[in-house]
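S.K.: Task: produce atomic coordinates for the following.
(2 chains)
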Amino acid sequence: MSAADKAGRRGWFGLRLSVFLIYVFLMGPIAIIVLSSFNATTSMAFPPQGFSLRWYGEFFRSDSFVDAFLFSMKLGLCAAIGATAIGFLAAYAIVRFGGRAREAAQSAALLPAMIPHILISMSLLLALNFVPVPDFTVLLAGHVLICLPFTIAGITASLDGVDAQLEAAAWTLGASRARILGEIVLPLVAPGVLSALIFAFIVSFGDIYIALFLAGPGMTTLPMEIFSYVQWESTPVIAAISTLQILLIVGLGLIVERLVGLRRIMRF
Amino acid sequence: MAAAADRRFGIGLLTPIGLLYLFFLILPIGFFLSMGFFKYDVFGLYKPELTGENFARLVVDPYYLDIVALTLKLAGLTTLFSLLLGYPLAFFLTRTRSAWRGALMFLVVAPLTTGVIVRTYGWIVLMGAEGIVNKTLIAAGLIARPLQILHTETAVVIALVHILMPYMVFPLISSLAGQDPNLERAASTLGASRARCFLEVTLPLSRPGILMGSVLVFTLSAGSVVIPQLIGGKDVQMMGQSIYELVLHTLNWPLGSAMASLLVLLQFSIIFVYFRSNRRVRR
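M.R.: As a prediction, the model looks like this:
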């Protein structure tokens, strides 16, 4: 083995070691949340003293947390359906009828991703002072907005893989445009649409910035509830809730990964 | 297919998103940002009188000037450390032939999906006065009283790097994976050492990824509210927090709006610099 090879091996080993440490840094805090949720004592001792599920019980007994959890689920579902439906129509228009304006239309569609989310929610809160729109509608609109860039990116990528000839054939045979969209295109991109739906739910469920300004009374999302709770006290009940949220999200994330790949939908 | 009918159908498909963006994004944000030019009114949202005093106050009042300076400093440090940690990670992930590569990639994306609040909470558990780091140090007899780790600039930067690093890693992976491996091979055949190969071939070629990642991390950290609020508290005030306070607690919409405009201006100038330097590279 030459000296250069040896140096190369040492370099590669050094790289692997530092990559390992970086993963410890990335995963550490999340692992600690999960582990401390099984703590038997009140304090956040680590390693946990004894194993218990009492904090999970505490969560299910707490009305405010359960309500927030259910509200987040409901909001996430509505936002995901809205963002997927609007995103699907927009993505199809961009891919099939965009022509030379496609690049520009695509960038415009991704607008909410380029604007800081607090700016969106503050502006909507301000607008609420002048225009009487139900609070829930505004919160939902905010969530649909932040989910749209992801659903459009994901569905556009799937649509690019669809052969336009199929649609032309159906058109020649007399199918209407709406029928082509529903009976030819939609089934072909179903995995992409489903993963966009799931991913939009994930984005909505994890959001704090839109809810920070727009979650009025009776509309507290789970992240908001945690945010206000954590500012005053810290008990393992938050760890238990976070663990449940991580499980839910990672489970959904794995489905998206299987369907189309997470990286594709996140535009990286 | 008929072109005119196609156009009409396409426009019909774009109507929902167009209306949503117009009424819930563009108009409200335009109105909010124009608020910065109006006078503050203690009893209402604003006085319909034009003024430049909100912007003047941000640049003259040392309290707000400090907040802007601190935001720039912490966002800069976060970008630097994300790059220093993200580069080896991206380099490894593009070069490894390990069977675990897919899983390792997933582990970088997955934390992004859990939401900011859960990941921030992890750091509170670690760094609080009753936190794991302090308890371990006390148990080991290294310190007598808990160290103040939360509410410091260091803690905020650590948490920001942890939470935003994936946004650095992915552009880096894209630009590193897009490189022609023959270039490196050619350089080493011609006698370049591995270090020289990296410094003169790989690193310059990954510049677009470095720029893109830096822009993302810088803008996201400059605009963050929740992380500095929970980790830094009152002691580490960044622009995002200050806007949040001004709008929700002080109810000074015009000043909050001026601060938000400054933040957006800052972010767009960074993006502008990015596009300019990117063009230079391509030429």
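S.K.: any idea how far A:F130 is from chain B?
M.R.: Per Cβ to the nearest Cβ, to the nearest Å, A:F130 is found 8 Å from chain B. Quick note: C-beta positions are derived from backbone N, CA and C, even for glycine.
S.K.: Count the residues that sit near that residue.
M.R.: Using other Cβ atoms under 10 Å in any protein chain shown, A:F130 has 10 neighbouring residues.
S.K.: helix/strand/coil for it?
M.R.: In three-state terms, and counting by DSSP: H, G, I helix; E, B strand; the rest coil, A:F130 is coil.
S.K.: One more: the one 3 residues further on?
M.R.: Local secondary structure at A:V133 is given as coil here, using three-state DSSP.
S.K.: So which residues of the stretch 1-150 of chain A form helices?
M.R.: In the stretch 1-150 of chain A, the helices defined using DSSP state H, counting those that start in this stretch lie at A:3-36, A:54-61, A:63-97, A:102-109, A:111-114, A:117-128, A:135-160.
S.K.: Pipe those helices into CSV and attach distance to chain B per row.
M.R.: Formatted as CSV, the helices of the stretch 1-150 of chain A follow (distance: least, Cβ to the nearest Cβ, whole Å):
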stretch, distance to chain B
helix A:3-36, 3
helix A:54-61, 13
helix A:63-97, 3
helix A:102-109, 7
helix A:111-114, 6
helix A:117-128, 4
helix A:135-160, 4
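S.K.: Redo the ones you listed as JSON lines? Include mean pLDDT.
M.R.: JSON lines is the format used below for the helices of the stretch 1-150 of chain A (pLDDT from 0 to 100):
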{"stretch": "helix A:3-36", "mean pLDDT": "82"}
{"stretch": "helix A:54-61", "mean pLDDT": "86"}
{"stretch": "helix A:63-97", "mean pLDDT": "93"}
{"stretch": "helix A:102-109", "mean pLDDT": "84"}
{"stretch": "helix A:111-114", "mean pLDDT": "83"}
{"stretch": "helix A:117-128", "mean pLDDT": "90"}
{"stretch": "helix A:135-160", "mean pLDDT": "91"}
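S.K.: Out of those helices, which is closest to A:R179?
M.R.: helix A:63-97 (13.5 Å; Cβ to Cβ).
S.K.: What are the buried residues along that closest one?
M.R.: A:65, A:68-69, A:71-73, A:75-76, A:78-80, A:82-84, A:86-97 (16 or more other Cβ atoms under 10 Å in any protein chain shown).
S.K.: Ok, stretch B:100-118 next?
M.R.: Buried, per 16+ other Cβ under 10 Å, within stretch B:100-118: B:105-106, B:108-118.
S.K.: cool, stretch B:91-99 as well?
M.R.: Neighbour-count burial for stretch B:91-99, counted by 16+ other Cβ under 10 Å, picks out B:F91, B:F92, B:L93, B:T94, B:R95.
S.K.: can you tell me the average pLDDT over the strand or helix carrying the first one?
M.R.: The one in question is B:F91. Assigned by DSSP states H and E, B:F91 falls within helix B:62-95. Per-residue pLDDT values across helix B:62-95 average out to 92.
S.K.: what helices or strands is it leaning on?
M.R.: If contacts are counted by 3 or more Cβ pairs under 8 Å, 6 or more residues apart in numbering or on different chains; DSSP states H and E, helix B:62-95 sits against helix A:3-36, helix B:53-60, helix B:101-113, helix B:153-177, helix B:207-222, helix B:239-248, helix B:253-282.
S.K.: Residues touching the helix or strand just after the third one, excluding its own?
M.R.: The one in question is helix B:101-113. Next in sequence after helix B:101-113, counting helices and strands by DSSP H and E, comes helix B:116-127. With contacts defined as Cβ atoms under 8 Å, 6 or more residues apart in numbering or on different chains, helix B:116-127 is touched by A:28-30, A:32-33, A:36, A:44, A:46, A:206, A:208, A:223, A:226-227, A:230, A:234, A:238-239, A:242, A:245-246, B:111, B:131-134, B:149-150, B:155, B:158-159, B:162-163, B:224, B:226-227, B:230-231.
S.K.: what residues are up against the residue lying closest to B:V264 once chain neighbours are set aside?
M.R.: Nearest non-adjacent residue to B:V264, counting by Cβ to Cβ, 6 or more residues apart in numbering or on different chains: A:L119, 6.8 Å away. Neighbouring residues of A:L119 by Cβ under 8 Å, 6+ apart: B:I29, B:F32, B:G223, B:A260, B:L263, B:V264.
S.K.: Scan those and report the most crowded one.
M.R.: Result: B:A260 is most packed of the contacts of A:L119 (other Cβ under 10 Å), 28 neighbours.
S.K.: can I assume A:I146 is in contact with A:I120?
M.R.: Yes: in this structure, A:I146 is within contact of A:I120 by Cβ atoms under 8 Å, at 7.1 Å.
S.K.: Now the common contact residues for those two.
M.R.: A:P112, A:Y209, A:I210.
S.K.: closest point of the stretch 151-283 of chain B to chain A, which residue?
M.R.: B:F170 (3.3 Å; Cβ to the nearest Cβ).
S.K.: which bits of the stretch 151-283 of chain B sit near chain A?
M.R.: The stretch 151-283 of chain B comes close to chain A at residues B:162, B:165, B:170-171, B:173-174, B:193-194, B:219, B:223, B:225-226, B:229-230, B:240, B:243-244, B:247-248, B:253, B:256, B:260, B:263-264, B:267, as judged by Cβ under 8 Å from any Cβ of the partner chain.
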